[in-house]
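Colleague: okay, sequence plus prediction incoming.
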Amino acid sequence: MPDLRQGCAIRAVSFDAAGTLFVPHPGVGAVYAEVAARHGIVRDACELESRFRPAFAAAQRRWRVPYGADDSDALTFWAEVISGTFGEPLPYETVCDLYDAFASATRWRLVPGAHAAVDLARAHGLPTAVVSNFDCRLEPLLAGIGLGPFDAVVASTAVGRAKPDPAVLIEACRRLGVVPADVLHLGDSEREDGVMCVAAGARWLRVDPLVGIPLEELSAILAVA
Ligand SMILES: [Mg+2]
């Protein structure tokens, strides 16, 4: 792994959202089971949880722009994931409720260190951004969960490309007035965040959501930046 403390000065810090700042709570399967039950569809939460990942991966492979090329396509993408998870297409209203559930802060919990990491970047006088494979639910979710303010929030549906395509980061840089080489990006996914950073020339700090944001490492990086 390259030494993140070396190289050009860091002039901005960006964060992935899901898996980095917050994770589903108590889990996708549990939320899907609870919401579907309100529509008379009774399923086991653990079974849904185990079916979610393969369904998600299958939809990602099939979609031209995973997570949706725009906000309308995002709902269609997630309807596909939901169909795969439940093993059958669900009524439109049920799909919408399942999709909307994850716009609510109550369906997520913060990764340890999330607030502190954002505060740390701001304390260094650095602009902050969220760079996420997400959609129109992202900004209200960030407000609801009490994170920020951020200087830029860019969801993949706003640019029609998804990470690892660097377009999402490049758009955040445009809004912040920096270039990707100025950016330290925190993210949990090597395939999405890591590859994007290599493509864009940004620096990547990996986050393990089970452990929390590596605040000591972040602090050390920013101290010499
Ligand atoms: Mg992530």
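Modeller: Noted; the coordinates are in hand. Residues are numbered from 1 along each chain as shown.

Colleague: which residue packs closest to the residue of the chain at minimum distance from the ion, ignoring adjacent ones?
Modeller: At 3.1 Å from the ion, residue 19 is the closest residue in the chain, using CB to the ion. No exception for glycine: its C-beta is placed from N, CA and C like everyone else's. Sequence neighbours aside, residue 188 is the residue nearest to residue 19 in space, at 3.8 Å (criterion: CB to CB, 6 or more residues apart in numbering).

Colleague: my read is that that neighbour contacts residue 20, right?
Modeller: Yes - if you go by CB atoms under 8 Å, residue 188 and residue 20 touch, sitting 4.9 Å apart.

Colleague: what about these two, which has more around it?
Modeller: residue 20 (27 against 21; other CB atoms under 10 Å).

Colleague: the lengthiest helix in the chain and the ion in contact?
Modeller: When the chain is parsed with DSSP state H, its longest helix is helix 45-62. No - using CB under 5 Å from the ion, helix 45-62 stays clear of the ion, coming no nearer than 12.2 Å.

Colleague: contacting residues for the residue of the chain closest to the ion?
Modeller: By CB atoms under 8 Å, 6 or more residues apart in numbering, the contact set of residue 19 is 111, 187, 188, 189, 207, 209.

Colleague: secondary structure, pLDDT and distance to residue 53 added to those residues, as a markdown table?
Modeller: As requested, those are exported to a markdown table (DSSP: H, G, I helix; E, B strand; the rest coil; pLDDT from 0 to 100; distance: CB to CB, whole Å):
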| residue | secondary structure | pLDDT | distance to residue 53 |
| --- | --- | --- | --- |
| 111 | coil | 98 | 19 |
| 187 | strand | 98 | 18 |
| 188 | coil | 98 | 14 |
| 189 | coil | 98 | 13 |
| 207 | coil | 98 | 19 |
| 209 | coil | 96 | 15 |
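
Colleague: thinking again about what came up before, pull the contacting residues for the residue nearest to residue 19.
Modeller: 16, 19, 20, 206, 207, 208, 209.

Colleague: how about residue 23?
Modeller: Applying CB under 8 Å, 6+ apart, we find residue 23 in contact with 108, 109, 111, 209.

Colleague: so how do I select the buried members of those residues in PyMOL?
Modeller: Paste this into PyMOL to select the buried members of the contacts of residue 23, with burial taken from 16 or more other CB atoms under 10 Å:
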select buried, resi 108+111+209
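
Colleague: quick one: end-to-end distance for stretch 82-93.
Modeller: One end of stretch 82-93 sits 12 Å from the other (CA to CA, to the nearest Å).

Colleague: what lies in contact with it?
Modeller: Applying CB under 8 Å, 6+ apart, the contact partners of stretch 82-93 are 28, 32, 36, 39, 41, 43, 48, 51-52, 54-56, 58-59, 79, 95, 98-99.
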